[in-house]
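S.K.: Sequence first, predicted model second:
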Amino acid sequence: MKSKHILIVLLCLMGIMILAAVLFPQQLTELLNRPVLYPHVLFAHILSVSLFFANAVAGMLWESRSLKSGNKDVILHTYRTVSWLDARFSSPLIILSVMTGIMLSIMWGDLWQIGWLSLAFLLFLFSGAVWVISDIPTQYKVKKLIAGVHPEDSALPRELLDLLKLRLWVSLAGVLPLLLVFILMVYKPEITPVAEWFK
């Protein structure tokens, strides 16, 4: 099955979950509150979140090392591989982590009434917004500039190198909130729930 098909299936499953939550909230809650389901959902969540985070950090380190090498072929190969991994590996993991995270929040209670959980969810959304707002337009420009690179060129254009360096900062801004999410998930500190912030 192609990665595009996997993404479509996962998005459809997420859509069905959202629709079920709107139309049949009580039945969905009863289904998710079965004790036998909890360890499986928790395992899928921990696995998907850990793999996504590891891929993001490894991608940043790999891109940083390739830029330091200054080697045109290494830089291009690294960028293409990281982009390939983002499309085929990170995207399904993001969807899976959101789905399982929402399922766990239903099992634990009201997402907005649990302090650490509501803050973790906001940080996850912030991280996603950073990537959507900054990384997607940057990737589009990078792909356009890479298409203009000829095999006989000895070096990459300065604009392309600057954009690749900017991507590292964007990635760092997207990864740091995820580190805080991990800390919140593990230590579950007693903090004021998001629902009470504006009262």
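M.R.: Nice, thanks for sending it over. Given the structure is predicted, the values throughout are model-derived calculations rather than measurements.

S.K.: measure the residue lying closest to residue 171 once chain neighbours are set aside to residue 164 for me?
M.R.: Spatial nearest neighbour of residue 171, excluding adjacent residues (CB to CB, 6 or more residues apart in numbering): residue 60 at 4.6 Å. Every C-beta, even on glycine, is put in place using the N, C-alpha and C of the backbone. To residue 164, residue 60 is 11 Å away according to CB to CB, to the nearest Å.

S.K.: So between the two, which is more surrounded?
M.R.: residue 164 (22 against 19; other CB atoms under 10 Å).

S.K.: Surely that one and residue 75 touch.
M.R.: Yes: the criterion here is CB atoms under 8 Å, and residue 164 meets it with residue 75 at 6.9 Å.

S.K.: Residues that sit against both of the two, list them.
M.R.: residue 67 (CB atoms under 8 Å, 6 or more residues apart in numbering).

S.K.: And the lowest mean pLDDT element among the helices and strands of the protein?
M.R.: helix 3-23 (a mean of 75; mean pLDDT, DSSP states H and E).

S.K.: C-terminal to it, what's the next element?
M.R.: helix 25-32 (DSSP states H and E).
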